[in-house]
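Colleague: Structure of the sequence below:
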Amino acid sequence: MEILLKRAYEPATAEDGCRILVDRLWPRGRSRADLAIDHWPKEVAPSTDLRRWYGHDPKKWDEFRSRYDQELDANREVVKDLLGHCRKGRVTLVFGARDVEHSDAVVLRDHLLRLA
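Modeller: Numbers count the residues shown, from 1 in each chain. Predicted coordinates for the structure are as follows:
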């Protein structure tokens with residue numbers, strides 16, 4: 001299983017495979033054509049409360065990972081659907097955050113790989 005991560009502000013390429021937007025909110029300044037998204041399961045994104053609490057503060061990263069993992073465990077159907085896409089071929093999780101290392105997409109990718 002191959003799961004790539006890509007910021008929404010990077011160009012889409014044929015090598016991306018299935019492109020899945022994993023943010024609850026649409027990335028600012030990007031059109032649907034620019035993103036070339038195949039799926040947008042908003043329910044897989046961190047809850048609004050968790051997203052606001054985290055605020056992309058790297059000091060909260062470990063706690064964010066733990067809380068988001070718990071949300072993903074509780075959201076089995078959406079995660080199962082994503083795993084189905086991942087098992088068919090390359091998937092790119094698309095996200096808007098500037099900090100690539102501390103984004104929800106990192107937690108989601110790791111969660112999916114653990115379940116694979």
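Colleague: Could you pull up the contacting residues of residue 52?
Modeller: If a contact means Cβ atoms under 8 Å, 6 or more residues apart in numbering, then residue 52 has no contacts. All C-beta spots, glycine's among them, are computed from the backbone N, C-alpha and C.
Colleague: Quick check: phi and psi at it.
Modeller: phi -70, psi -40 (degrees, to the nearest 10).
Colleague: Which strands and helices lie in contact with the helix-or-strand element of the chain with minimal mean pLDDT?
Modeller: Ranking every helix and strand in the chain by mean pLDDT, DSSP states H and E puts helix 32-35 at the bottom, with a mean of 86. Using 3 or more Cβ pairs under 8 Å, 6 or more residues apart in numbering; DSSP states H and E as the contact test, no helix or strand touches helix 32-35.
Colleague: mind running it again at 10 Å?
Modeller: Packing partners of helix 32-35 (3 or more Cβ pairs under 10 Å, 6 or more residues apart in numbering; DSSP states H and E): strand 18-21.
Colleague: Can you name every helix or strand that the strand it packs on contacts?
Modeller: Using 3+ Cβ pairs under 10 Å, 6+ apart as the test, strand 18-21 ends up in contact with strand 3-7, helix 32-35, helix 76-88, strand 91-95, helix 104-115.
Colleague: residues of the third one that come out buried?
Modeller: Neighbour-count burial for helix 76-88 flags 79, 82, 83, 85, 86 (criterion: 16 or more other Cβ atoms under 10 Å).
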